[in-house]
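Q: Sequence first, predicted model second:
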Amino acid sequence: MARVAVIGAGAMGLAAAYHAAKAGHEVAVFEAGPTPGGMAAHFDFGGLSIERYYHFVCKADAPTFALLEELGIGDRMRWRLTSMGYFTGGRLHPWGDPISLLSFPDLGLISKLRYGALMFLSTRRDHWAALENISAREWITRWCGKKVYDRLWRRLFDLKFYEYADNISAAWIWTRIKRLGRSRRSLFQEELGYIEGGSETLVHALQAAIEQRGGRIHVSMPVERIVIKDGVVRGVRVRGTDYAADHVISTVPTPFVGAMVPDLDEDWRRRYAEIANIGVICVLFKLKRSVTKNFWVNVTDDNIDVPGIVEFSNLRPLPCTVIYVPYYMPTTNPKWSWTDDMLAAEAFAAIRRINPEISESDRIAHYLGRLRNASRSAPRVLRAIFRRCKRRFAVCRSPIPAFIIRRIGESPKASDWERRWRWRLGHRHESAFVARQCALFRDIPCLGRDFRAGEYPLPHST
């Protein structure tokens, strides 16, 4: 038995801790925030327990289903027929099925057929390698033409990635298309899922399973430093107190790694610092009535500066309408410094533009959540993170024995998707690296197998 310290009690940290405890090791999880769960954590929204950043489940999320069953909560999975819309040119259009595509305005029949072919074939594709060196813009334009890209995708990319927009990996958008395209009742009907009680149902089950196996979860205890002696991990330091550990797993955003390991040499510190992250701001509204019949609406209207809205209550039944309006941007963007009231005003104006019948009197409450390091940007150069090569290990590992760094960034708009991969990372890690680092990790399913082609995690957006 070894002593394992896990930094971060988000989805991935809890999954790693659970499997380590299940393997018989002594586990301690250290979380800076007041509650476990990370981006999957709930908050009290005027008497309603709900996630700050929304989550949903797709039919292809087999690792999530397996974990639910293992934890004894498989019966809490629920499915619901959902739909999607596109708001552009001042009008809301149905989207997400062949009839909606054919009836969409301002695109010729050939463009629509090319677009439909790309969507159909992408859902049946199983490998990403051929897409890793191609930008999403190049890939979509090659298949569908420039007009389709400009009409349907350009503004979405611009409002999520800003200066990174033209360099987003085609593998990123393919992964999104594939996952959602395989979550359908039929060719004409999307079907998505949620966990009864929300994401905290799974978080609480993991927490209980860890504690039942002797593990401890410490909240409001940010790790200040990885304690290293003679080049070997000896534990973590929290509020001036050292907690002994034979091995440390870090799941916090990579920009924090350098501060936690002050003795790290400059080359490694630079590698971590160069990983670009996208921030997210989610504005939640509680309303008296529905905005649309759709679960999500993509927005490519020139007069609205948000990429879409998510009417979460059209997926998970709630006592009132709940809308998420997500903003994605580098934290260097001037809008990041806007006040909460300024962002809420713009977001509510977008809702009212989509449905002019919504008035100020329909607003019950709003809440705003911010996260500086929600997701890595997805440029083609970041393929090095996932490839079986030394450049990949520059991100996925550290030069210090028994110290593993694993952080797969997520955006709340896709946090459900990435949550699937974070749970899955409770089952996978680089086997060659692990074998060299320490025997412990070969005993933990979440850290003891290599990724297979087509199964690596990618940032996701809707």
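A: Happy to help now that I have it. Residues are numbered from 1 along each chain as shown.
Q: Averaged pLDDT, the strand ranked longest in the chain. What do you get?
A: As assigned by DSSP state E, the longest strand anywhere in the chain is strand 363-376. Across strand 363-376, the average pLDDT comes to 88.
Q: Same check on stretch 174-190?
A: 93.
Q: export that stretch as CSV, just CAs?
A: This file holds the C-alpha atoms of stretch 174-190, laid out as CSV (Å, rounded to 0.1, in the frame of the first residue of the first chain):
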residue,chain,number,x,y,z
TRP,A,174,-15.1,15.9,-35.5
THR,A,175,-15.2,14.6,-32.0
ARG,A,176,-18.1,16.9,-31.2
ILE,A,177,-20.0,15.9,-34.3
LYS,A,178,-19.4,12.2,-33.7
ARG,A,179,-20.5,12.2,-30.1
LEU,A,180,-23.7,14.1,-30.7
GLY,A,181,-24.4,12.4,-34.0
ARG,A,182,-24.5,9.1,-32.2
SER,A,183,-26.9,10.2,-29.5
ARG,A,184,-30.1,9.9,-31.4
ARG,A,185,-33.4,8.1,-31.2
SER,A,186,-33.5,8.1,-35.0
LEU,A,187,-32.1,10.1,-38.0
PHE,A,188,-34.7,12.7,-37.3
GLN,A,189,-34.6,12.8,-33.5
GLU,A,190,-31.8,13.7,-31.1
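Q: buried stuff in that stretch?
A: Residues of stretch 174-190 classed as buried by neighbour count (16 or more other C-beta atoms under 10 Å): 174-181, 183-184, 190. Any C-beta I mention is one placed from the backbone N, CA and C, and that applies to glycine too.
Q: tell me which of those residues is nearest to I110?
A: Lowest distance from I110 to the buried residues of stretch 174-190 (C-beta to C-beta) belongs to I177, with 20.2 Å.
Q: A16 versus that closest one, what's the distance?
A: Applying C-beta to C-beta, to the nearest Å, the value for I177 to A16 is 29 Å.
Q: do L118 as well
A: Taking C-beta to C-beta, one finds L118 at 36 Å from A16.
Q: Name the residue in these two with the higher neighbour count.
A: Shown here are L118 and A16; by other C-beta atoms under 10 Å, A16 has more neighbours (29 against 18).
Q: in what helix or strand does I309 lie?
A: strand 308-311 (DSSP states H and E).
Q: Over to F65?
A: With DSSP H and E as criterion, F65 is part of helix 62-70.
Q: what do you get for Y53?
A: With DSSP H and E as criterion, Y53 is part of no helix or strand.
Q: which ones are touching K293?
A: By C-beta atoms under 8 Å, 6 or more residues apart in numbering, the contact list for K293 reads 83, 314.
Q: Neighbours of I140, how many?
A: 24.
Q: What confidence value was assigned to the closest residue to it other than its chain neighbours?
A: Of all residues not flanking I140 in the chain, Y149 sits nearest, at 4.8 Å (C-beta to C-beta, 6 or more residues apart in numbering). Y149 carries a pLDDT value of 95.
Q: surely Y149 meets R142?
A: No: using C-beta atoms under 8 Å, Y149 is not in contact with R142; the gap is 9.6 Å.
Q: Looking at those two now, which is surrounded by more residues?
A: Ranked by neighbour count (other C-beta under 10 Å), Y149 and R142 place Y149 first, with 20 against 14.
Q: From D362, how far out is that one?
A: Y149 is 36 Å from D362, by C-beta to C-beta.
Q: cool, and T35?
A: From T35 across to D362, the span is 30 Å (C-beta to C-beta).
Q: Now do the host helix or strand of Y272: which elements does it pack against?
A: Here Y272 sits within helix 266-273, counting by DSSP H and E. Judged by 3 or more C-beta pairs under 8 Å, 6 or more residues apart in numbering; DSSP states H and E, helix 266-273 is in contact with helix 257-260, helix 390-396.
Q: What residues sit buried inside it?
A: 268-269, 271-272.
Q: Return the helix or strand in the chain with minimum mean pLDDT.
A: helix 431-437 (a mean of 32; mean pLDDT, DSSP states H and E).
Q: Against F312, how distant is the residue nearest to G38 when sequence neighbours are not counted?
A: Spatial nearest neighbour of G38, excluding adjacent residues (C-beta to C-beta, 6+ apart): G10 at 2.5 Å. Distance of G10 to F312, computed by C-beta to C-beta: 20 Å.
Q: try E138
A: Between E138 and F312 the distance is 34 Å, computed by C-beta to C-beta.
Q: And the two? Which one has more around it.
A: Applying other C-beta under 10 Å to E138 and F312 shows that F312 carries more neighbours, namely 22 against 15.
Q: May I have the residues that are in contact with that one?
A: Applying C-beta under 8 Å, 6+ apart to F312 gives the contacts 50, 54, 295, 318, 322-324.
Q: Reduced to three states, what does G197 come out as?
A: coil (DSSP: H, G, I helix; E, B strand; the rest coil).
Q: From what I see, it and D75 are in contact.
A: No: using C-beta under 8 Å, G197 is not in contact with D75, being 11.7 Å away.
Q: So which of those two has more stuff around it?
A: G197 (15 against 9).
Q: Backbone dihedrals for V248, both of them.
A: phi -130, psi 130 (degrees, to the nearest 10).
Q: what about it, how many neighbours?
A: The tally of other residues near V248 (other C-beta under 10 Å) stands at 28.
Q: How about the one 4 residues further on?
A: Other residues near V252 number 23, with proximity taken as other C-beta under 10 Å.
Q: Equivalent analysis for F45, please.
A: Neighbourhood size, F45 [other C-beta under 10 Å]: 20.
Q: Report the beta-bridge partners for it.
A: Residues in a beta bridge with F45, per DSSP bridges, are L48.
Q: the strands in the stretch 1-150 of the chain, which residues?
A: In the stretch 1-150 of the chain, the strands defined using DSSP state E, counting those that start in this stretch lie at 3-7, 26-30, 42-45, 48-51, 77-82, 84-88, 91-95.
Q: To L343, which of these lies closest?
A: Among the strands of the stretch 1-150 of the chain, the nearest to L343 by C-beta to C-beta is strand 42-45 (16.7 Å).
Q: How far off centre is stretch 13-25?
A: Relative to its parent chain, stretch 13-25 has a centroid offset of 21 Å by C-alpha atoms, centre = their mean, to the nearest Å.
Q: Show me which positions of that stretch end up buried.
A: Neighbour-count burial for stretch 13-25 flags 13-23, 25 (criterion: 16+ other C-beta under 10 Å).
Q: Which of these sits closest to R370?
A: Taking C-beta to C-beta as the measure, R370 lies nearest G13 of the buried residues of stretch 13-25, at 20.5 Å.
Q: Now for D242: which residues touch it?
A: The contact partners of D242, taken as C-beta under 8 Å, 6+ apart, are 227, 234-236.
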